[in-house]
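Q: Fold the following for me, if possible:
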Amino acid sequence: MSISAKTIGELRSKTGAGIMDCKKALKETDGDMDKAIEYLQKKSLAAVGKRAGKIAAEGGVGSYVHGGRIGVIVEINCETDFVARGEQFQALLKDISMHIASMNPSYLDSSEIPADEIAKQREIFAARLIEQGKPEAMVSKIVDGQINKWFTEVCLVNQGFFKEDKKTVQDHVTEVAATIKENIQIRRFSRFELGEGIEREETDFAAEVAATAGL
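A: Sure thing, here's the model as predicted:
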């Protein structure tokens, strides 16, 4: 079928993909815009997977301070200095910094959680289930699911992205990597809150960050 230049241009503006890729996507999906977008997303994500083994030693350190009360520093790596200086990468640094300020993750991913802390959490979940009268044969399987859900609360990459919680932080990073066509990895972060550890009246500063971001 014939694909108009206007349709190709529209798909390109929505996805950032090359002209020939857009043209091929539209031909493969009989001109269906939504299916073409999905086609390109799958193709891009596959390309990201191939780059996962590439060394990401460049990148940048981002920071965010909210009202002088919450401060965040995050390091995100990519493959080249050229990409690190780009607008999309810098926007990613800012977004992840703000997410950390708002959602207060404890760890980068589950591999950072000490084994004894996971074991303790499993014990807590199991005790609650037994108290609720759940059959012991089912407890272990249910606890597995609860531990995975707990990871989405305490691990940065597993949390729902603060601007669009239907996708995780890792999903967002992967989407940016697909557009930039480089391996991108969040390496480490630190979050500081004014008076943290000092006994005082609680204030939900994280909620203030979310409000500032218009969420």
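Q: okay, now the residue nearest to residue 69 when sequence neighbours are not counted: neighbour count?
A: Excluding its sequence neighbours, the residue lying closest to residue 69 (CB to CB, 6 or more residues apart in numbering) is residue 194, at 4.3 Å. (C-beta placed from N, C-alpha, C; glycine too.) Residues near residue 194, counting by other CB atoms under 10 Å, number 14.
Q: ok, now how distant is residue 194 from residue 74?
A: 19 Å (CB to CB, to the nearest Å).
Q: cool, and residue 22?
A: Where residue 74 is concerned, residue 22 sits at a distance of 33 Å (CB to CB).
Q: quick one: residue 89 and residue 65, what's the gap?
A: 20 Å.
Q: Which one's more surrounded, the two?
A: residue 89 (24 against 13).
Q: Output the helix or strand hosting the more buried one as CSV, nothing but the C-alphas.
A: Per DSSP states H and E, residue 89 falls inside helix 87-103. The C-alpha coordinates for helix 87-103 follow below in CSV (Å, rounded to 0.1, in the frame of the first residue of the first chain):
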residue,chain,number,x,y,z
GLU,A,87,18.8,17.3,26.1
GLN,A,88,17.1,13.9,26.5
PHE,A,89,19.8,12.5,28.8
GLN,A,90,19.8,15.7,30.9
ALA,A,91,16.0,15.5,31.1
LEU,A,92,16.3,11.9,32.3
LEU,A,93,18.7,13.0,35.1
LYS,A,94,16.2,15.7,36.3
ASP,A,95,13.2,13.3,36.1
ILE,A,96,15.0,10.5,38.1
SER,A,97,16.3,13.0,40.7
MET,A,98,12.7,14.4,41.2
HIS,A,99,11.3,10.9,41.4
ILE,A,100,13.8,9.9,44.1
ALA,A,101,12.9,13.1,46.0
SER,A,102,9.2,12.3,45.7
MET,A,103,9.1,8.5,46.2
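Q: what's next to it, contact-wise?
A: Residues outside helix 87-103 that contact it (CB atoms under 8 Å, 6 or more residues apart in numbering) are 59-64, 66, 70-74, 76, 78, 83, 156, 159, 161-163, 169, 172-173, 176, 179-180, 184, 186, 189, 191, 206, 209-210, 213, 215.
Q: And the helices in this protein?
A: 5-15, 19-28, 33-51, 81-84, 87-103, 115-131, 136-154, 169-180, 205-212 (DSSP state H).
Q: Return the distance of the fourth one from the chain's centre.
A: What that stands for is helix 81-84. 20 Å (CA atoms, centre = their mean, to the nearest Å).
Q: Output the contacting helices and strands for that helix.
A: In terms of contacts (3 or more CB pairs under 8 Å, 6 or more residues apart in numbering; DSSP states H and E), helix 81-84 is packed against strand 58-66.
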